[in-house]
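# Need a 3D model of the sequence below.
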Amino acid sequence: MSLERPNVLGPAVDGQTRCVHYRTELDVIAIQFACCREFYPCHLCHAEAADHDAAQWPVDSRDEPAVLCGVCGHLLAITEYLDVDSCTRCAATFNPGCKLHTELYFQN
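Next up is the predicted model:
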């Protein structure tokens, strides 16, 4: 059985989840926001497109598959994403700068 790739919302999203805010070769993840369960490439996309404030994933939700690799479509659990620098399925490298603002998405 094949899982359908989640829809990614936000301005100017390309086929690998890049957006108008973050569009380098390494910007290939989208995060499912805890507040609406919708995927966005970044917090700025959510702020522009959603009709509500963003909410962080609680610490006790770290097993939730909430990070999408834009290259292969693999869903990573939050804890898995926080522990790696690349996709555990296809090895696509993630932007290391994203780790600088994880508090926007995940409670510490």
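# only C-alpha atoms for contact and neighbour calcs from this point on.
Noted.
# pLDDT below threshold where in this protein?
Under the criterion pLDDT under 70, the flagged ranges of the chain are 1-3.
# Output the residue ranges of the strands in this protein, listed in chain order.
Remark: strands assigned in the chain by DSSP state E are 29-32, 39-40, 65-69, 75-77.
# For Ser86, find the nearest of those strands.
Closest approach to Ser86 among the strands of the chain (CA to CA): strand 65-69, 8.9 Å.
# Run me through the strand neighbours of that closest one, direction for each.
Here strand 65-69 has these sheet partners by DSSP bridges: strand 29-32 (antiparallel), strand 75-77 (antiparallel).
# Is the closest residue to Asp63 other than its chain neighbours bridged to anything, and to what?
Among residues not flanking Asp63 along the chain, Ala77 sits closest, at 5.2 Å (CA to CA, 6 or more residues apart in numbering). Counting by DSSP bridges, Ala77 forms beta bridges with Pro65.
# how about Ala77, what does it touch?
Neighbouring residues of Ala77 by CA atoms under 8 Å, 6 or more residues apart in numbering: Arg62, Asp63, Glu64, Pro65, Ala66, Val67.
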